[in-house]
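Visitor: Test case, fold it:
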Amino acid sequence: GKDAANENISVDSNPPNDAKTTDIQVQTAQIGGRVFLDLNNNGDQNDATLTTDQGIGNVTLTLTGTDKYGNPVSRTLTTNNSAAGVGSLRGDYLFANLPPSDAAGYTITQTQPVAYGNGIPQPNTPRTVRNGLSTGVSSSGGAYTVNNTVNESVIGGVVLAGGAVGVQFDFPETQKPYLS
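Guide: Below you'll find the predicted structure:
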């Protein structure tokens, strides 16, 4: 079958055995978080006002990996750029309608936004200014992988079960120094 993005969800590896049909329900998963300016570089979004840790819009994120059925998964999106009070906050992202991952999990790669330095990615970390906990989410091998380069930040090993809801997979950014 196909999901809402016309991506393969499952593949019939033995079509000749299709003598009977039945309805099945495939539980999709979702994972999201926020890209934000972390002024004090503590990894937490302390507030979301103009003078504090505000979200960063129009940042590209890509989710890759293999689903539990052996199919490759690759999705790309950009963070929300709406001001507060207009749906989700600036900097929010959500990969929805995902098939459950394989045991290695999915990887989320953030393209480094111009004019910001890398903070340390925060996988599945509860935040003081936001509500919500992940359900049906675990790390591959007991720990998420986190990596930064000049051009990107990565959170890997995100294992999603069917029906999983992953929240607060965040990418804090620091302000680059500048001369005036």
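Visitor: which stretch of helix or strand covers the residue nearest the centre of the chain?
Guide: Nearest to the geometric centre of the chain sits Gly32, at 4.1 Å (Cα atoms, centre = their mean). Using DSSP states H and E, Gly32 sits within strand 29-37.
Visitor: for the chain, which strand is longest?
Guide: What stands out as the longest strand in the chain, according to DSSP state E, is strand 152-166.
Visitor: Quick one: mean pLDDT over that one.
Guide: Computed over strand 152-166, the mean pLDDT rounds to 96.
Visitor: quick revisit: look up how far Asn147 lies from the residue nearest to the centre of the chain.
Guide: 20 Å (Cβ to Cβ, to the nearest Å). In this view, the C-beta of every residue, glycine as well, is placed from N, C-alpha and C.
Visitor: what does stretch 121-129 rub up against?
Guide: Residues outside stretch 121-129 that contact it (Cβ atoms under 8 Å, 6 or more residues apart in numbering) are 43-48, 110, 133-134, 137, 139, 144, 146-148, 153-155, 158, 166-172.
Visitor: ok, back up a step: contacts only, for the residue nearest to the centre of the chain.
Guide: Asp92, Tyr93, Leu94, Phe95, Gly166, Val167, Phe169.
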